[in-house]
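Student: Using only what follows, build the 3D model:
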Amino acid sequence: MKIKLDDLTSKEIFSLLQEHLDDMKATSPPESVHALNLEALKDPSVYFWSIWDGQILAGCGAFKKLDQQHAEIKSMRTSSLYKKQGVASKLLIHIIEQAKLCGITRLSLETGSMDYFLPAHSLYLKHGFSFCAPFSDYEEDPNSKFMLLDLVKV
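Tutor: Sure thing, here's the model as predicted:
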């Protein structure tokens, strides 16, 4: 599998991101959906990667710089054809490495609190994240969980 910094122009990326947004809207109330749309992911503060198995898109993920040392994981998604095959772990390890190279010392994320999101919680816990208080502009929300990875300690 090959991970690449993605320009967000392929139809495969568009489809996977639309599936991601649709799932978030179906799973969480509107005020608790914090997924970025395609245009927001094109912001210069966002670094977006895709992972490919030959010509087949296996997943995607990004981080958004909140300041010079703090970034937020965004748009982590595995294609349905590749679930439970380690794609998300490979991509998350790559994102963590890239964040360190950019001088990021803290990686945070927001995810849902419902059972649908338990695999995501497990993924992040496995890679050293821990639950934390809301960060940046987020507020306490019973539909959200917040997680943090201190990159100085990894």
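Student: Can you tell me the SS state at Leu57?
Tutor: Assigned by DSSP: H, G, I helix; E, B strand; the rest coil, the conformation of Leu57 is strand.
Student: can you count the residues close to it?
Tutor: The number of residues packed near Leu57 is 21, by other Cβ atoms under 10 Å. Placement of C-beta: from N, CA and C, glycine included.
Student: give the contact list for it.
Tutor: By Cβ atoms under 8 Å, 6 or more residues apart in numbering, the residues touching Leu57 are Ser10, Glu12, Ile13, Leu16, Ser50, Ile51, Ser79.
Student: Just the buried ones among the residues you listed, please.
Tutor: Glu12, Ile13, Leu16, Ser50, Ile51, Ser79 (16 or more other Cβ atoms under 10 Å).
Student: Out of those residues, list just those in helices.
Tutor: Judged by DSSP state H, those include Glu12, Ile13, Leu16 as members of helices.
Student: Which pLDDT value does the model give the first one?
Tutor: Looking at Glu12, its pLDDT is 95.
Student: Now do it against Ile51, distance only.
Tutor: 11 Å (Cβ to Cβ, to the nearest Å).
Student: same deal with the second one?
Tutor: Distance, Ile13 to Ile51, using Cβ to Cβ: 11 Å.
Student: Give the rounded mean pLDDT of stretch 131-149.
Tutor: On average, stretch 131-149 scores 96.
Student: what about it, distance to the chain center?
Tutor: Chain-centre distance of stretch 131-149: 14 Å, with Cα atoms, centre = their mean, to the nearest Å.
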